[in-house]
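Asker: Let's see this in three dimensions:
(chains A and B)
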Amino acid sequence: NAGVTQTPKFRVLKTGQSMTLLCAQDMNHEYMYWYRQDPGMGLRLIHYSVGEGTTAKGEVPDGYNVSRLKKQNFLLGLESAAPSQTSVYFCASSFYHGQKPGETQYFGPGTRLLVL
Amino acid sequence: GEDVEQSLFLSVREGDSSVINCTYTDSSSTYLYWYKQEPGAGLQLLTYIFSNMDMKQDQRLTVLLNKKDKHLSLRIADTQTGDSAIYFCAESFSGGYNKLIFGAGTRLAVHP
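Answerer: Residues are numbered from 1 along each chain as shown, chains lettered A, B, ... in the order given. Now for the predicted structure:
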């Protein structure tokens, strides 16, 4: 199993450009998540999905959109990138809560995004 | 509200024990987790403890939970250079979407 994979690993954008980050998981997890990680801060949840075709806002959703057309994929879009969106983006997936005791989220390796 | 706090940096000598501390505010969490993040990598689950337990041991790792003080600690025995990383504590909550609240992470530096 590859687990959780993210594409691309690194990207540089100019202000105003758009891009899509792709997350894929092969563990048949129902739930998927997008986080951003900034220096000196914990991971903050951007958007999440509790199943194919569903999405919901997390803690910091502004400036981002997501789609979950297939169970194994979760896409994060930036319509008009801003320097404040320079960050490391992590995707994660999990079973639904309570399915397995102690079961938690599994994380991808991250995408480093620099917006100039 | 939900908040998780950790000290940002810890330096230890190789072979010594490391203790990383975490405090949280919401006592309704179900599980508390420790994740490890190595440079350039994602978060890897190290261990977890159920919120009604006081202690869990897993090889070199010991997790202590003081529910009264809302304090969680991770002890790493015989710390090695390979343990150098950022350690995040996180708490999860029942219901909803497997919500996790993370601390800012403690950077552990192991020196000879």
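
Asker: what about the residue in chain A that chain B sits nearest to, which SS state?
Answerer: Per CB to the nearest CB, A:Gly42 is where chain A lies closest to chain B, at 3.3 Å. C-beta coordinates here come from the backbone N, C-alpha and C atoms, glycine included. Look at A:Gly42: counting by DSSP: H, G, I helix; E, B strand; the rest coil, its state is coil.

Asker: Let me see the contact set for the closest residue to it other than its chain neighbours.
Answerer: Counting by CB to CB, 6 or more residues apart in numbering or on different chains, A:Gly42 lies nearest to B:Phe102, which is 3.3 Å off, once chain neighbours are set aside. Applying CB atoms under 8 Å, 6 or more residues apart in numbering or on different chains to B:Phe102 gives the contacts A:42-43, B:4, B:35, B:88-90.

Asker: redo that, cut-off 7 Å
Answerer: A:42-43, B:4, B:88, B:90 (CB atoms under 7 Å, 6 or more residues apart in numbering or on different chains).

Asker: can you check B:Asp3 too?
Answerer: B:Asp3 neighbours (CB under 7 Å, 6+ apart): B:24-25.

Asker: give me phi/psi at B:Ala109?
Answerer: Main-chain dihedrals, B:Ala109, degrees, to the nearest 10: phi -110, psi 130.

Asker: That one - how many residues pack around it?
Answerer: 13 (other CB atoms under 10 Å in any protein chain shown).

Asker: confidence score at the residue in chain B that chain A sits nearest to?
Answerer: Using CB to the nearest CB, B:Phe102 is the residue of chain B that sits closest to chain A, at 3.3 Å. Per-residue confidence (pLDDT) for B:Phe102: 91.

Asker: quick one: it from B:Tyr35, how far?
Answerer: Per CB to CB, to the nearest Å, B:Phe102 is found 8 Å from B:Tyr35.

Asker: Pull up the overlap in contacts between these two.
Answerer: B:88, B:90.

Asker: how about stretch B:21-30: buried residues?
Answerer: B:21-24, B:29-30 (16 or more other CB atoms under 10 Å in any protein chain shown).
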